[in-house]
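Q: sequence-free structure coming up:
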């Protein structure tokens, strides 16, 4: 039996290599981790300003009072807006950092199938962020917290599993443990006032650690060799 | 293809048949676009070697090369053209047919 070279398998191998290559520098993990930590910090400050459970006697059934209250609330609102803008620009921020760090070292490649999967993952990630920033503060009751937390944990799990499977990142195994574990532990202690902040900070830290490890190894293995132009 | 097996070897696209260019074409077929440094790292060629192979592929119209900037960083972006993609598909198709023909001869 003579093994015939097959275009489909060769293409598949190149695609796997190129998608792995794209995540080898850890920059995407690092930046997304920092973003999650910022979201966590915002949530933590929010719970400090409005302790849980909410004070009795406020005649604001919808829960808009905290949003339009003191200067702190306005600043929190501003922080939410900034976080939304940053979230929308994450791709550009990652691209900008890669221009400085990755392209001079290991070059630039754009994959077709991987990019589409990444876009899908990006959209899926909107769900937990939306639940976090808009949903929970507006209906802050024990039941909504519990529900919101499980929605958050489930959507994180689904979206990250999808993204990591598509990208075939090596850090996947670690994240598979960190995300459900952190969600489960915090769900058990859901009465903690800084629950959301803790969850996001834990998960953000996991991303930052993975990103830093990847980046450190990447920089050690790949010294800068020059510009991406032909001689 | 004449379906003659052995004699069909002569009809293979010589430009793509060269191993270095076959590697380059396969990479560019699989990705949307790649720059010079990426190709150099993946294939393990020297700058001069890669440059000469790219020039030959570009001359044949199999790839398109554009010099551009990503921010301040200059890039030589290479992309497989439609002609190059069909040439590569045709090449792999011929190889598959030839292999089958050789297998048939071997079992006789």
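A: Ah, there it is. Treat the numbers as computed from the prediction; the structure is a model and nothing was measured.
Q: how about the secondary structure of residue B:45?
A: When classified by DSSP: H, G, I helix; E, B strand; the rest coil, residue B:45 comes out as coil.
Q: please name the nearest non-neighbouring residue to it.
A: In space, and not counting its chain neighbours, residue B:45 is closest to residue B:20: 6.5 Å by CB to CB, 6 or more residues apart in numbering or on different chains. No exception for glycine: its C-beta is placed from N, CA and C like everyone else's.
Q: can you pull the contacts of the spatially most central residue of chain B?
A: The centroid of chain B falls nearest to residue B:25 when counting by CA atoms, centre = their mean (2.7 Å). Going by CB atoms under 8 Å, 6 or more residues apart in numbering or on different chains, residue B:25 touches B:16, B:57, B:62, B:63, B:80, B:84, B:87, B:88.
Q: 10 Å instead?
A: B:13, B:15-16, B:18, B:53, B:57, B:62-63, B:80, B:84-85, B:87-88, B:91 (CB atoms under 10 Å, 6 or more residues apart in numbering or on different chains).
Q: quickly find the element holding it.
A: According to DSSP states H and E, residue B:25 maps onto helix B:19-30.
Q: continuing past that helix, what's the next helix or strand?
A: strand B:33-35.
Q: now do that following strand: everything it contacts.
A: Contact partners of strand B:33-35, identified using CB under 10 Å, 6+ apart, comprise A:14, A:18, A:21, A:103, A:106-112, A:227-230, B:24, B:27-28, B:40-42, B:63-64, B:66, B:68, B:70, B:73-80.
Q: neighbours around the residue of chain A found nearest chain B, how many?
A: For chain A and chain B, the shortest gap (CB to the nearest CB) falls at residue A:107, measuring 3.0 Å. Other residues lying near residue A:107 total 22 when counted by other CB atoms under 10 Å in any protein chain shown.
Q: likewise for residue B:60?
A: Neighbourhood size, residue B:60 [other CB under 10 Å]: 16.
Q: then residue A:15?
A: 18.
Q: now name the helix or strand holding it.
A: For residue A:15, the host element (DSSP H and E) is helix A:7-23.
Q: right, and the helix or strand after that helix?
A: With DSSP H and E, the next secondary element past helix A:7-23 is helix A:27-49.
Q: is there proximity between that following helix and chain B?
A: No: between helix A:27-49 and chain B, judged by CB under 10 Å from any CB of the partner chain, nothing touches; the nearest distance is 14.2 Å.
Q: which of the residues in that helix are buried?
A: Within helix A:27-49, the residues that count as buried by 16 or more other CB atoms under 10 Å in any protein chain shown are A:27-47.
Q: still on that earlier bit, for the residue of chain A closest to chain B, give its distance to residue B:69.
A: Using CB to CB, to the nearest Å, one obtains 15 Å as the distance from residue A:107 to residue B:69.
Q: same question, residue A:9
A: 35 Å.
Q: ok, now residue B:39?
A: To residue B:69, residue B:39 is 18 Å away according to CB to CB.
Q: between these two, which one's more packed in?
A: Legend: neighbour count by other CB under 10 Å for residue B:39 and residue B:69, higher for residue B:39 (24 against 11).
Q: list the contacts of that one.
A: Applying CB under 10 Å, 6+ apart, we find residue B:39 in contact with A:107, A:109, A:228, A:230, B:23-24, B:27-28, B:31, B:45, B:50, B:53-54, B:76, B:78.
Q: nearest to residue A:93, of those residues?
A: The nearest member of the contacts of residue B:39 to residue A:93, counting by CB to CB, is residue A:109 at 19.3 Å.
Q: got the contact list for that closest one?
A: Contacts of residue A:109 were listed using CB under 10 Å, 6+ apart, and they are A:14, A:17-19, A:21-22, A:102-103, B:27-28, B:30-35, B:37-39, B:41-42, B:77.
Q: related to what we said a few turns ago, burial count for the residue nearest to residue B:45?
A: For residue B:20, using other CB under 10 Å, the count is 15.
Q: one step back: can you point out the buried residues in the helix holding residue B:25?
A: For helix B:19-30, using 16+ other CB under 10 Å, the buried residues are B:21, B:22, B:23, B:24, B:25, B:26, B:27, B:28, B:29, B:30.
Q: next, give me the two most distant ones among the residues you listed.
A: Farthest pair in those (CB to CB) is B:21 and B:30. Separation: 15.0 Å.
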